[in-house]
Structures are given as structure tokens and as C-alpha cells.
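Novice: turn this into a structure:
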Amino acid sequence: MSEWKEKTLKDLVEVDPEQLPSSTDADFSFFYIDISSVSLGNVSFPIHSIQYKDAPSRARKILKDNDILMSTVRPNLKAFAQFKKRSKSNFIASTGFAVLRSRPNVEIGFIYHSLFSNEVETQIEALVVGSNYPAINSGDVRNLKINIPLFPIQQKIAHILTTCDTVIEQTQSAIAKNKAIKQGMLHDLFTCGLDTNGHLRPSYHDAPELYKESELGMIPKEWEVKRFGDFVHLIHGFQFRDYDFTENGIPIVKIGQIKPENVDLSNCSFISKNRIDEFRSIIIRNGDVLMALTGATLGKACQVKKLKNDVLQNYRVGRFEPKNLDEIHKGFLYYTLTTRQFLNQVFSKVNAGAQGNIGKSDFEKPLFKMPDINEQRRIFDRLESLNHKLESEETLLQKYQSIKRGLMGDLLGGKKEVCNIRQ
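Specialist: Model (predicted):
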């Protein structure tokens with residue numbers, strides 16, 4: 001750490017080095033990067049260019065390759081990114097950014113990663129504290145302080161952290177790709193299904209003889225269309241009151257705990273363990289299918305997994321139980337509840353002008369596609385195999401992000417010598 005020095009950003013980079021003058025030609029063409037185009041580490045590039053005469057008045061700051069875009073509006077959201085030009089076109093940023101360009105013998109990648117450090121975050125928080133509209137200005141940015149080592153060490157640290165970012169971005173891309181594949185597969189499986197060999201049936205367009213007409217359009221000949229309420233019970237939970245809750249005990253699953261992948265117990269309310277016998281009818285178990293019946297998460301469903309202890313069901317959480325498990329597979333039921341065709345029927349009569357609420361009566365009449373129980377299992381298994389792949393990738397992503405956080409603390413704080421870090 002002896003070779004590290006504390007310096008202000010104005011000593012290391014140029015802040016807002018170039019701006020369009022008011023005399024700019026009216027027909028000057030460029031791509032405009034506004035505040036909404038930048039999120040943590042990412043720039044969304046516009047599709048179309050604009051001309052100066054049509055540009056917003058905030059389009060002023062000239063961007064060059066490797067410049068850093070640092071949002072000065074709500075800087076706590078860390079909408080910072082290193083700009084990588086994709087073409088020889090002109091790019092102009094909003095005045096809502098500070099644009100940082102490195103001086104000689106300063107590694108811009110090191111500066112970029114330093115902006116995400118705890119030390120810089122603390123300085124920014126001190127600047128915006130008490131403000132109704134949290135923002136900083138370019139002068140504040142110039143005076144931010146960072147610790148910086150010799151140039152060769154800057155380069156090595158930037159390389160290590162940028163490599164981490166690349167791995168994280170590749171993993172995020174793989175997750176996004178597999179989510180899209182899963183969504184496409186869900187459509188295909190609820191349109192064509194799987195034959196007895198586990199193969200996706202040809203589409204109606206390719207093999208119309210395999211299909212028949214139904215109230216829900218063309219479906220495989222082996223399928224039926226049934227009323228949902230004839231095959232599935234919707235069970236409400238218990239309407240717990242504030243005075244029921246304790247500091248710890250048995251978790252209560254409310255609508256906010258329902259996530260697409262599972263229930264999230266991280267911010268639960270609790271009731272005393274001594275009261276479990278009162279609520280045995282609303283114990284949630286692995287495999288149960290739940291849905292939020294009101295609020296901002298209305299219609300969001302999940303199938304419960306990996307519970308190790310009892311949890312209880314709040315009133316506006318719906319639990320769906322097949323009337324006969326030999327006819328309806330719970331996993332197939334869950335995926336049915338996520339299809340747009342089914343949800344459109346449920347929501348068709350919900351009052352859009354008020355807070356949406358759905359209940360038992362809304363699930364009595366909707367129609368659903370019903371293969372035999374064996375095909376339901378095959379459909380569920382196919383979708384679950386994609387889920388397992390997604391879960392593995394998301395676990396890897398969390399691991400890589402944790403490694404990156406640890407490296408930032410060690411490297412940007414000079415706690416470890418770069419030569420001791422495996423790249």
C-alpha cells in the first residue's frame with residue numbers, strides 16, 4: 001500500500017472534456033445516449049441517429065471510445081458504464097452524465113472500477129444526503145477521492161476486474177437465452193405437446209391430421225378442453241392480523257413472497273410456533289402451487305420447492321389443489337397457470353380501474369387444455385429440465401458476483417498484492 005496515493009479524480013481524468021458548441025451545424029448527425037440508456041455497467045445503444053436541430057437541449061457532451069459515463073442523477077443507483085464505440089459514428093451524451101476521460105499514465109479501467117468501490121459510494125452518499133432530488137454535479141465528481149497505485153498495477157487490477165465482468169456478462173447472457181428458450185418451449189408444449197416417445201408433435205401447419213378443433217383452437221387429438229373449476233380447488237389462506245405476528249416463529253407466505261422460481265422467505269412475518277395446531281389446514285408443502293390473488297403481483301404463480309420447515313398461507317395467497325391427482329399433475333397445473341391463454345380468461349372481468357382482486361369464482365369457468373396424466377408428466381419434466389439448467393446458471397452467477405465483490409475489496413483497497421491473485 002506504500003506505493004498507493006490518494007488523489008482526486010480531477011488529477012486523474014478530464015471531466016466533461018468536450019461539449020457541442022451552440023454553433024454546431026443544424027444537420028450534424030449523432031446517436032444520443034440519454035440517462036435511461038445506462039444501467040449498472042451497461043449501455044443500451046440507440047437504433048436511430050438524430051440531427052442537432054431535432055435533439056433535446058441536454059444532448060451536449062461528446063463521447064469517445066473508453067470514456068466513462070457517470071450518471072450524476074440519482075448516483076446511488078450507479079448508472080455508470082465504460083463507453084465502447086460500435087462504429088465511427090458520432091455519439092453525444094446527456095448533460096445528466098459526467099464524462100470521464102483518462103489523463104496520461106492513468107488506466108481508465110481502474111478508474112471505472114473504482115467508481116463502484118465502497119469508498120466512492122460513501123463520498124457520494126455524503127454529497128446527496130438530505131436532498132429531495134439526489135444528484136451531484138461535475139464539480140462534485142472532480143473532487144471525489146480514490147486511492148491509486150502505480151500505472152502497471154492499475155493495468156493489472158483493471159484487467160482482473162474486467163475479466164470478472166466479462167464472465168458475469170456471459171453468464172447473464174446465457175441465462176437470458178435459456179429463459180427465452182424456456183418461454184418458447186412452454187408455448188410449443190402447450191400447443192403441440194409430447195407424444196408417447198417424448199417427442200414434440202409436429203405443428204398443426206405441418207401435420208393437421210394430428211389435431212382437432214376445440215373451444216381453445218386446434219389441439220392434439222388426444223387432448224380435451226375442460227373447465228378449470230371442475231378439476232381444481234382454489235384454497236384461500238388465513239387472514240392474519242398484525243396482533244398475530246411475533247418476532248420469530250413460523251413464517252407466513254404473503255403475496256410479496258411469491259416469486260416465479262419459488263417462495264422467498266427472506267422478509268416474512270411470523271406467528272408463534274405454539275399455534276401450529278390452529279393452522280394445519282393452511283400449511284404449505286413442497287410441490288404446492290401458489291398464486292398472488294391481489295396487489296402489484298396479481299397473477300404471479302410459483303410451485304413451492306426446497307422447504308425444510310412448516311410455513312403458512314396468508315389469505316390473499318391462493319393454493320391450487322387438484323381434485324384428483326390421477327387426473328391433474330401439480331407441475332403441469334403450475335405451468336397452466338402461467339400461460340397467457342389461461343390468464344387472459346381469468347383476468348377478462350377484473351376491474352382494471354381499481355386494485356385487481358381475483359378469487360374462487362374467477363377460476364370456475366376458464367377453460368384449459370388437458371392431456372392425459374402421463375403426457376402432463378412428460379411436459380412438466382421437459383420444462384423442469386430447463387429450470388434446472390437455469391438454476392445452475394443463476395447459482396454460478398451469484399458465485400461470480402461474490403468473487404468480484406471480494407476482489408474489488410482486496411484489490412482496490414490495496415489489501416492484496418496483484419501478483420498473489422490468480423487471474
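Novice: who's in contact with residue 99?
Specialist: Residues near residue 99 by CB atoms under 8 Å, 6 or more residues apart in numbering: 15-18, 61-63, 67-70, 93. Every residue, glycine included, has its C-beta placed from N, CA and C.
Novice: now it: which helix or strand?
Specialist: Per DSSP states H and E, residue 99 falls inside strand 97-102.
Novice: which SSE is immediately downstream of that strand?
Specialist: Counting by DSSP H and E, what follows strand 97-102 is helix 108-114.
Novice: mean confidence for the next helix or strand after that following helix?
Specialist: Using DSSP H and E, the next helix or strand after helix 108-114 towards the C-terminus is helix 118-128. For helix 118-128, mean pLDDT is 93.
Novice: buried residues in helix 118-128?
Specialist: Of the residues in helix 118-128, 120, 123-124, 127-128 count as buried by neighbour count, 16 or more other CB atoms under 10 Å.
Novice: and that helix, what does it pack against?
Specialist: Here helix 118-128 touches strand 145-148, going by 3 or more CB pairs under 8 Å, 6 or more residues apart in numbering; DSSP states H and E.
Novice: any idea how far the strand it packs on is from the middle of the chain?
Specialist: Computed by CA atoms, centre = their mean, to the nearest Å, the chain-centroid distance of strand 145-148 equals 32 Å.
Novice: ok, stretch 285-305 next?
Specialist: Chain-centre distance of stretch 285-305: 18 Å, with CA atoms, centre = their mean.
Novice: that stretch: which residues count as buried?
Specialist: Residues of stretch 285-305 classed as buried: 288-294, 297-304 (neighbour count, 16+ other CB under 10 Å).
Novice: out of those residues, who's nearest residue 361?
Specialist: Distance to residue 361 across those (CB to CB) is lowest for residue 293, with 11.7 Å.
Novice: cross-check the contact I'm expecting between that closest one and residue 360.
Specialist: No - Residue 293 is not in contact with residue 360 according to CB atoms under 8 Å; the separation is 9.6 Å.
Novice: tell me where this structure has helices.
Specialist: 9-12, 108-114, 118-128, 138-142, 151-189, 330-336, 340-347, 373-411 (DSSP state H).
Novice: counting contacts, what elements does the fourth one pack onto?
Specialist: In terms of contact count using 3+ CB pairs under 8 Å, 6+ apart, helix 138-142 is assigned the packing partners helix 9-12, strand 13-15, strand 97-102.
Novice: over to the first one?
Specialist: Helices and strands touching helix 9-12, by 3+ CB pairs under 8 Å, 6+ apart, are helix 138-142, strand 145-148.
Novice: reformat those as CSV; add distance to residue 85 and mean neighbour count.
Specialist: Listed next are those as CSV, based on distance: least, CB to CB, whole Å; neighbours: other CB atoms under 10 Å:
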stretch, distance to residue 85, mean neighbour count
helix 138-142, 22, 18
strand 145-148, 25, 18
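Novice: wait, which of these is closest to residue 387?
Specialist: strand 145-148 (42.4 Å).
Novice: which one of the buried residues of stretch 285-305 sits closest to residue 144?
Specialist: Comparing these against residue 144 with CB to CB places residue 297 closest, at 38.7 Å.
Novice: which ones are touching that closest one?
Specialist: By CB under 8 Å, 6+ apart, the contact set of residue 297 is 255-256, 258.
Novice: quick check: it vs residue 317, distance?
Specialist: 10 Å (CB to CB, to the nearest Å).
Novice: per-domain residue ranges of this structure.
Specialist: Domain ranges of the chain: 5-146, 149-222+371-423, 224-370, per automatic domain parsing.
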